[in-house]
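Chemist: Got a predicted model here, sequence first, then my questions.
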Amino acid sequence: MAQLSIESAFRKWGDDLTRYATAMVGPADAADVVSEAFTTVLSAGDERWDLVRDPRAYLFRAVANAARMSARSDSRRRRREMSWPADMVVGELVRDPTVRRALDGLSVRQRGAVFVTYWLDASPAEAASMLGVSEGAVKRHLARARAALREVL
């Protein structure tokens with residue numbers, strides 16, 4: 001049975017858990033991984049925490065799980081972004097530096113939807129087929145891109 005409160009456990013092992021997370025995901029994401037692990041432990045409730053026999057091992061497993069989830073999420077994001085041309089609206093396509101900066105401020109997916117729809121004159125259905133996403137996703141990215149461009153331009 002866990003004798004420490006979750007807060008006491010964090011104070012006691014937080015630095016070790018952060019170093020462990022740093023070894024797994026690097027220094028930029030370590031604190032986020034530890035925070036995610038503690039959030040998961042807290043959301044499970046005190047009843048579950050009270051059943052933990054080895055709180056230190058339990059927390060290290062929670063950090064390991066959070067690190068794996070973070071790595072999977074990053075990997076999925078990179079794969080999604082690789083499927084969209086990353087730097088489509090540059091060079092000769094857009095000569096106005098203000099417009100180019102505004103387009104660079106969009107997400108990769110938003111730029112992809114804008115490029116295929118406006119530069120290649122594709123319908124949302126055609127753009128969806130070209131980009132490998134649903135028509136609704138193309139419409140959503142276009143709407144968000146237009147809203148962002150309206151604010152900047």
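Modeler: The structure has been received and is ready for your questions. Just so it is clear, the structure is predicted and the values come from calculations on it, not from any experiment. Numbers count the residues shown, from 1 in each chain.
Chemist: avg pLDDT for the lengthiest helix in the chain?
Modeler: When the chain is scanned for its longest helix (criterion: DSSP state H), the result is helix 55-82. Averaged across helix 55-82, the pLDDT comes to 80.
Chemist: Which other helices and strands does it contact?
Modeler: With contacts taken as 3 or more Cβ pairs under 8 Å, 6 or more residues apart in numbering; DSSP states H and E, helix 55-82 sits against helix 6-25, helix 27-44, helix 108-114. Any C-beta I mention is one placed from the backbone N, CA and C, and that applies to glycine too.
Chemist: quick one: that helix to helix 27-44, angle?
Modeler: 120 degrees (axes from the mean of the first three to the mean of the last three Cα atoms, to 10 degrees).
Chemist: Pull the distance from helix 55-82 to the chain's centre.
Modeler: Taking Cα atoms, centre = their mean, to the nearest Å, one finds helix 55-82 lying 11 Å from the centre of the chain it belongs to.
Chemist: what domains does the record give for the protein?
Modeler: 6-80, 91-152 (automatic domain parsing).
Chemist: would JSON lines of those with mean neighbour count be doable?
Modeler: Output for those, formatted as JSON lines (neighbours: other Cβ atoms under 10 Å):
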{"stretch": "domain 6-80", "mean neighbour count": "15"}
{"stretch": "domain 91-152", "mean neighbour count": "16"}
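Chemist: which stretch in the helices and strands packed on helix 55-82 has the least confidence?
Modeler: Across the helices and strands packed on helix 55-82, the lowest-scoring stretch is helix 108-114, with a mean of 84.
Chemist: Against which helices or strands is it packed?
Modeler: helix 55-82, helix 97-104, helix 124-131, helix 135-152.
Chemist: switch to 7 Å and redo it
Modeler: Contact here means 3 or more Cβ pairs under 7 Å, 6 or more residues apart in numbering; DSSP states H and E; on that basis helix 108-114 packs against helix 135-152.
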